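Engineer: take this sequence and fold it.
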Amino acid sequence: MADQVENMLKNLIVITSLFCLATSCNTQRSSSRSSAPVTHARTQKTSGSSIEFINNIAIKPDANRDNTGSSITTISGNNTGHAAYASGEIENFASLQFKYAILENASVEEMDNQKLLSFMEYWYGTPYHYGGTTRDGIDCSAFAFLLLSSVYGIAALPRTSKEQYEATRRISRDELQEGDLVFFHTLGKRRAVTHVGVYLRNNKFIHASVSGVMISDMNDGYYDKHFIGAGRILDRPTLPE
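Structural biologist: Take a look at the predicted model:
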């Protein structure tokens, strides 16, 4: 009987020892985990114009959009109206050719006047302002004056549409070519010249309308009805065929 009690005590001691050993190992593992340095993932870090996310994956915002929001890059600078491309600044010339070929209902190959395309893009959408001469606002005769002087080198054009009409040689609509002037009456029934635009091709002309600088069609009802005549500057240089 005493031997049995002694064996039971020995087994109990062994079991207790094993239990304590196991408990000690688990405690050490927990202790080692808690003592290890904790590394936090970087969720966001801004550096200049970039946003850096986990695992150094960075996304840069679009920095190519200009202040106008246009899909086609426009020329920045002062409001001189010259807006001609320098030799190294014509990367988007093909885009302008495509854009204005659509607006003028013409082929891309016909869009070969680089100065004219850059001038139109510079001014396109400028709001109308009577007496204005800048991109903050411009009127029809000032726009025609700036286009002819900047693109064709004609500096002898008067300031108002009426004076411009009187200073040009009358031509028929069938004779119109790029750079000629087209005149309209827009005030009541009196057929006096009050508006001017610059002819492009295919009955399209560009002008500073009350909706801003835009390209319109001479065959549209309003302009066809209010058309007065077309004129050509006497000292206008001959355009290439």
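Engineer: quick one: contacts of stretch 125-136?
Structural biologist: Contact with stretch 125-136 is made by 68, 79, 122-123, 137-140, 142-143, 146, 208-214, as judged by Cβ atoms under 8 Å, 6 or more residues apart in numbering. Where C-beta positions appear, they are placed from N, C-alpha and C, glycine not excepted.
Engineer: try it again at 6 Å.
Structural biologist: Outside of stretch 125-136, the residues that reach it under the criterion Cβ atoms under 6 Å, 6 or more residues apart in numbering are 79, 137-139, 142, 208, 210, 212-213.
Engineer: over to the nearest residue to residue 210 once chain neighbours are set aside: give its phi and psi.
Structural biologist: Leaving aside its chain neighbours, residue 210 sits nearest to residue 128 (5.1 Å; criterion: Cβ to Cβ, 6 or more residues apart in numbering). Phi and psi for residue 128, reported as degrees, to the nearest 10, are phi -80, psi 140.
Engineer: so after the lowest-mean-pLDDT helix or strand in the chain, what's the next helix or strand?
Structural biologist: Here the helix or strand of the chain ranked lowest by mean pLDDT, DSSP states H and E is strand 58-59, holding a mean of 26. Beyond strand 58-59 in the direction of the C-terminus, DSSP states H and E gives the next helix or strand as helix 93-103.
Engineer: and the helix or strand that that next one is followed by, what does it pack onto?
Structural biologist: Next in sequence after helix 93-103, counting helices and strands by DSSP H and E, comes helix 114-123. When contacts are defined as 3 or more Cβ pairs under 6 Å, 6 or more residues apart in numbering; DSSP states H and E, helix 114-123 sits against helix 93-103, helix 140-152.
Engineer: burial-wise, tell me which of those comes out on top.
Structural biologist: helix 140-152 (a mean of 23; mean count of other Cβ atoms under 10 Å).
Engineer: quick one: mean pLDDT over it.
Structural biologist: For helix 140-152, mean pLDDT rounds to 96.
Engineer: could you give the backbone dihedrals for residue 181?
Structural biologist: Torsion angles at residue 181 (phi, psi; degrees, to the nearest 10) stand at phi -100, psi 140.
Engineer: any idea what it is bridged to?
Structural biologist: Beta bridges link residue 181 to residue 198, residue 231, judged by DSSP bridges.
Engineer: quick revisit: and the furthest pair within the contacts of stretch 125-136?
Structural biologist: 79 and 210 (20.2 Å; Cβ to Cβ).
Engineer: the more surrounded of the two?
Structural biologist: Each of residue 79 and residue 210 has its neighbours counted (other Cβ atoms under 10 Å); residue 79 has more, 16 against 12.
Engineer: pLDDT wise, what is that one at?
Structural biologist: For residue 79, the model assigns a pLDDT of 42.
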